[in-house]
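*Asks:* Here is a sequence with its predicted model. Questions after.
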Amino acid sequence: RERGRSNRSEAIRDAMRRELVSREWEAGADVAGVITLLYDHHRPGLSDRLTEIQHDALDAVVSTTHVHVDAHNCLEVIIVRGEAREIEQLSHRLIGLKGVKHGDLTGTSTGETF
């Protein structure tokens, strides 16, 4: 109920889908996801480095949205698609940059397997 499911069957269905998506990622399947980055835009060279890494991964980066959160912070949302391990490596490269305050990869399926 806390998650808005009206009955037990819906909750079980959602749990099964989460498990199927997890298995796709573990198997290295073609997947989709979102990399979210919150970073200090005053950090010298960080914006250029983020752009450079994304340009090096043009086959995986579908779209990027950049939001100015406040005078010091930017939020970047990067939609990605490709082989699971490559997407994970890309997210680690971006999240690991100095000046990135928080980052996360949210993975999902392309929907082709179920």
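*Replies:* Nice, I can see it.

*Asks:* Could you tell me how many residues sit around Leu20?
*Replies:* 12 (other Cβ atoms under 10 Å). Glycine gets a C-beta too; all of them are placed from N, C-alpha and C.

*Asks:* now what about the host helix or strand of it, what contacts it?
*Replies:* Leu20 is part of helix 8-27 when elements are defined by DSSP states H and E. For helix 8-27, contacts defined as Cβ atoms under 8 Å, 6 or more residues apart in numbering pick out 3, 5, 31, 84, 88, 107-109, 113-114.

*Asks:* in that helix, what counts as buried?
*Replies:* For helix 8-27, a neighbour-count test (16 or more other Cβ atoms under 10 Å) marks 21, 24-25 as buried.

*Asks:* That helix: what's the following helix or strand?
*Replies:* In N-to-C order, the element after helix 8-27 by DSSP H and E is strand 30-40.

*Asks:* Can you give the distance of the next helix or strand after that following strand from its chain's centre?
*Replies:* Next in sequence after strand 30-40, counting helices and strands by DSSP H and E, comes helix 46-56. Mean C-alpha position of helix 46-56 versus that of the full chain (Cα atoms, centre = their mean, to the nearest Å) differs by 16 Å.

*Asks:* ditto for stretch 48-67
*Replies:* 12 Å.

*Asks:* Before I go, just wanted to say thanks for your time.
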